[in-house]
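**Student:** Here is my input, please return the structure:
(chains A and B)
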Amino acid sequence: MIDALLQGFSIALQPENLLFIFIGVLIGQIVGALPGVGPAAGMALLLPLTFGLEPVTAIMMLAGIMYGGQYGGTLTSVLINVPGEASGVMTAMDGHAMARQGRAGAALSIAAIGSFIAGIGAVMAVAVITPPLASVGLKFNAPEYFLLAALGVIAVGSLGEAPIRSLLAGVLGLMIALVGVDPLTGTPRLNFGMPSLYQGIDFIPVAIGVFGIAEVLTSLERSDKIEPIRTRLKDMWLTAEDWATCRFSILRGGLIGLFVGIMPGAGASVASLLSYLTERRFSKNPEKFGNGAIDGLAAAESANNSAAHGALIPMLSLGIPGSASSAVLLAALILHGIKPGPMLMTQESTLVWGLIASMVVGNIFLLVLNLPLAPVFAALLRIPYVYLAPGILVISLVGAYAATLSMATVWMCITFGILGWLMMKLDIPRAPLVLALVLAPLMETSLRQSLLLSLGSPMIFVERPISAVLLALVLFALIAPIVRVMRRRKT
Amino acid sequence: MMRFLQAVPAIFMICLATGVMLGTTGLSFWDGFTPGARFFPGWLSGAAVLLSAALLVTQWRGTDAGQPDLPEPGGAVRVLAAIAGLVTLALLVPLIGMVPAAALFMLYLLLIVMRAALVPALVTTAIVTVGIEVVFARLLAVPLPAPLFS
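**Tutor:** Sure, this is the predicted structure:
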C-alpha cells in the first residue's frame, strides 16, 4: 500500500496534475462559497470541459471541486447564514452565531482546521479500506451487484426525513434511465421515435439541470441583498481554550463523518447532523449549541468533509456512489472510458492511487486558501448574486452543448432544470434521482442477468451468502423508515 | 390548494408509470427463460404506483414529512420569466448563434427580469460572452452554432 501511495504521489505531484488539483479546489471553494451552487452542480457544469484532459487529471480536478465545496460552503454559512448545501445547516447555526458575536474569524479558522484534519484522516481511511473492500467486491456476481445498486438507491430514502419522497425520486431516476434502448437486447425502448433519445438520456444534462439550473432558478426568487459579516486576517487566531474545546470534537466528527460517508446514500448532511447531535451529548456546555458553540461547529465541519471523502470508498472499491457528488465523479469515470467497479483498483491503479494522493495535496491547498485567504473569498460574497445568476445559466447551457454538440442536450438541460426547481419547491430530494440514474444500467442489467442465471428463480438472491447479506440490508433499509414512523407515532 | 400541491408528486408519478407501461406495450415482459425489455419498466412502474399510493395515504393522514415551499408572487414571476428566457434562448441559438443568443438572454435577465443597473449589466454580459467565446470556441475549439458568422 505504501508503494502504491508513493506512486500516487508521484502522479499527483506532476506539474500539470498539481495545477488542475489547484484549479479544482479553487473552483470548489468558489462554488461552495456562492449561495445556490453546490459541489455537485459545479462538478456537473465543469464535467464537459474535462474531456480534453487525461482521465487521471480530470478526475483529480473534479474530486477537488467535490471536497473543496465543503470548505467553501462554510463561508456562506458563517458570514451570511445561508448554507450553500444541506450539510452546512449545522455550521450556519453556530458559525453565524459566532460571527454575530465578533468571532467570524475563529469560526472560519476552526472550520478550516477541522475540515483539514478530518479530510486527511479520511483520505488515509480511503487508502486503507478501499483495497480490501475491492477484493471482497471481486467475489461479486450479478445478484450481488443488483442488490448493491438497489441498496444504494433505497438507502438514500431510508436515511432521510421523508423516505417515501426520496424513494419516489429514486424511482424517477431509474425511469429516466429506461429511455433509449434495452441494455441487453438492444431493442428500442421509450424513445418515441425521436433520434435524440436513441442514445438514452445522458447524465450531464440531467445533473446540470437538476443541480445547476434548478439552484439558480430558486435563487432568482429572492430579490433581497444579504450583507455578509466582515472578517479580517488578524481575527482568525484561535485561543488555547478553543483548541482544548475542539480537539476531540474534530476527532469524533471525523470518525462519524467517515462512517456515514461510507454508507451508500447517507452523505455529508446526515454526517454533519449526526456529529453535531453527538457532540452536544459530549459537550461540557450543551446549552451553547445553537448560540455559537465552537465544538459543535468543529464537529459538523469535520464530519461533512470526512463524509465527502468517505463517500469515495464504495465508489472506488465497488462502483457504487455514496453521494450526489460521488455519483457525478462516477459518471465522469464512465464518460472518460473507465469502467468503475472492483477491478478499478487493479486495472486503473495509477488513477485510484493518484486520486487518493491528490486529495492529500488538495486538502493542503485548501487549508492555505482558507486560513490566510478566507477574507479574500469572503469578499466574493459581496458580489450581488443578480450579476452571477445569468452567467451561471448561460455557461451551464454552453457547457452542456459542448459535451455533445447537440441542441437536444440544451433542451434536456432546460427541461431537467425546470423539473429540479419543481422538485425543490415540492420538497422532493434531488440526490436520489441522480444516484439512481447512475446506478440504473448496473441495476437493470444485473437483475436480468441474475434471473437468466437462475432460469427465472428469485431464490438466487437468497442462496448465495453475500447476496443473502445484501438482501437483508436492502430489506432493513426498506423496513427501517416504517419502524421509525411507527415509533414516532407512539411517542 | 396546498393539499393538491402536496399530492402533485404522487399524481405525476402515477401518470409517468402509466406512460411507461403504455410506451412499452410492444415489448415482451418475459422471453423464454429471460426477463424481457419490459420487465424492469414493469417492476419500476409498479413500485412508482405503490410509493405514490403510500405518499397519498400519508398526506391524507397528515404524517407526510414533506413541506412544499411556494415562492412569493414576485419570485415566481422572476422564475417563470427566466424559464421563458431559457426557452427563447434555445430557440434563438440555431437562428442567430450561441454567443449572440447568450448575450441577448443575459441582457434580458439582468435588465428586464432582475432590474439590474445598465452599466454593470452591460459589463457582466460582455465578460461572460467574451469568456464563452475565448474558453469554448477558441481554447477548447468547440464548434458553437454561429449562423450569423458562417
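**Student:** Would you map the strands across chain B?
**Tutor:** For chain B, the strands defined by DSSP state E cover B:30-31, B:34-35.
**Student:** Count the residues that sit near the closest residue to chain A within chain B.
**Tutor:** Residue of chain B nearest chain A, by Cβ to the nearest Cβ: residue B:75 (3.1 Å). Using the backbone N, CA and C atoms, a C-beta is placed for each residue, glycine as well. The tally of other residues near residue B:75 (other Cβ atoms under 10 Å in any protein chain shown) stands at 17.
**Student:** what's the closest residue to it other than its chain neighbours in contact with, if anything?
**Tutor:** Closest residue to residue B:75 apart from its sequence neighbours, by Cβ to Cβ, 6 or more residues apart in numbering or on different chains: residue A:221 at 3.1 Å. For residue A:221, the contact set (Cβ atoms under 8 Å, 6 or more residues apart in numbering or on different chains) comprises B:71-72, B:75-76, B:78-79.
**Student:** Let me have the residues you listed in a markdown table, extended by pLDDT.
**Tutor:** Formatted as a markdown table, the contacts of residue A:221 follow (pLDDT from 0 to 100):
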| residue | pLDDT |
| --- | --- |
| B:71 | 86 |
| B:72 | 88 |
| B:75 | 90 |
| B:76 | 92 |
| B:78 | 94 |
| B:79 | 95 |
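**Student:** Identify the farthest-apart pair in these.
**Tutor:** Maximum pairwise distance in these, criterion Cβ to Cβ, is 10.4 Å, between B:72 and B:79.
**Student:** which of the two has more neighbours?
**Tutor:** residue B:79 (21 against 11).
**Student:** wait, doesn't that one sit right on residue A:215?
**Tutor:** No. Counting by Cβ atoms under 8 Å, residue B:79 does not reach residue A:215; the two are 11.9 Å apart.
**Student:** got any ranges where the stretch 1-150 of chain A has weak pLDDT?
**Tutor:** A:35-37, A:84-86 (pLDDT under 70).
**Student:** Near chain B, which residues of it are found?
**Tutor:** Applying Cβ under 8 Å from any Cβ of the partner chain, we find that the stretch 1-150 of chain A lies next to chain B at A:49, A:52.
**Student:** Looking at the stretch 1-150 of chain A, which residue is nearest chain B?
**Tutor:** residue A:52 (6.4 Å).
**Student:** looking at the strands of chain B, which is buried most?
**Tutor:** Among these, ranked by average contacts under mean count of other Cβ atoms under 10 Å in any protein chain shown, first place goes to strand B:34-35 (a mean of 19).
**Student:** So that one, near chain A or not?
**Tutor:** Yes. Contact of strand B:34-35 with chain A (Cβ under 8 Å from any Cβ) involves B:34-35.
**Student:** can you tell me the helix or strand for the residue lying closest to residue A:439 once chain neighbours are set aside?
**Tutor:** The spatially closest residue to residue A:439, leaving aside those adjacent along the chain, is residue A:149, at 4.4 Å (Cβ to Cβ, 6+ apart). Taking DSSP states H and E as the definition, residue A:149 sits inside helix A:142-159.
**Student:** just checking, what packs against that helix?
**Tutor:** Taking 3 or more Cβ pairs under 8 Å, 6 or more residues apart in numbering or on different chains; DSSP states H and E as contact, the helices and strands that helix A:142-159 lies on are helix A:163-176, helix A:431-453, helix A:460-463, helix A:465-490.
**Student:** who's in contact with the residue most central in space within chain A?
**Tutor:** Closest to where the C-alpha atoms of chain A average out (Cα atoms, centre = their mean) is residue A:325, at 3.0 Å. Listed by Cβ under 8 Å, 6+ apart, the contact partners of residue A:325 are A:39-40, A:43, A:66, A:69, A:308, A:311.
**Student:** Just the ones of those in strands?
**Tutor:** Assignment to strands by DSSP E places none of the contacts of residue A:325 there.
**Student:** will you turn those residues into TSV that also has neighbour count?
**Tutor:** Formatted as TSV, those follow (neighbours: other Cβ atoms under 10 Å in any protein chain shown):
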residue	neighbour count
A:39	33
A:40	28
A:43	33
A:66	30
A:69	34
A:308	33
A:311	35
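**Student:** Can you tell me which of those comes closest to residue A:263?
**Tutor:** Looking across the contacts of residue A:325 and measuring by Cβ to Cβ, the closest to residue A:263 is residue A:311, at 8.9 Å.
**Student:** what about that closest one, distance to chain B?
**Tutor:** From residue A:311 across to chain B, the span is 24 Å (Cβ to the nearest Cβ, to the nearest Å).
**Student:** Could you tell me how many residues sit around the residue lying closest to that residue once chain neighbours are set aside?
**Tutor:** The spatially closest residue to residue A:311, leaving aside those adjacent along the chain, is residue A:322, at 3.3 Å (Cβ to Cβ, 6+ apart). A count of neighbours around residue A:322, defined by other Cβ under 10 Å, yields 30.
**Student:** wait, is residue A:322 part of a strand?
**Tutor:** No. Secondary structure of residue A:322 (DSSP: H, G, I helix; E, B strand; the rest coil): coil, not part of a strand.
**Student:** Give me the distance between it and chain B.
**Tutor:** The spacing between residue A:322 and chain B, counted by Cβ to the nearest Cβ, is 22 Å.
**Student:** how about the strands in the stretch 101-250 of chain A?
**Tutor:** A:180-181, A:188-189 (DSSP state E, counting those that start in this stretch).
**Student:** need the contact list for the one residue sitting closest to the centre of chain B.
**Tutor:** By Cα atoms, centre = their mean, chain B has its centre lying nearest to residue B:83, at 8.9 Å. Listed by Cβ under 8 Å, 6+ apart, the contact partners of residue B:83 are A:217, A:414, A:417-418.
**Student:** Check those and tell me the two furthest apart.
**Tutor:** A:217 and A:414 (10.3 Å).
**Student:** Name the residues of the stretch 201-350 of chain A found near chain B, please.
**Tutor:** A:213, A:217-218, A:220-223.
**Student:** Now that residue A:60 has come up, it's in contact with residue A:12, right?
**Tutor:** Yes. Using Cβ under 8 Å, residue A:60 makes contact with residue A:12 at a distance of 6.8 Å.
**Student:** what residues are shared contacts of those two?
**Tutor:** A:21, A:354, A:358.
**Student:** quick one: contacts for the first one?
**Tutor:** I take that to be residue A:21. Residue A:21 makes contacts with A:12, A:60-61, A:64, A:358, A:361-362, A:365, as judged by Cβ under 8 Å, 6+ apart.
**Student:** before we move on, which element is it in?
**Tutor:** Here residue A:21, judged by DSSP H and E, is contained in helix A:15-33.
**Student:** buried ones in that helix?
**Tutor:** Buried positions in helix A:15-33, judged by neighbour count with 16 or more other Cβ atoms under 10 Å in any protein chain shown: A:17-18, A:20-33.
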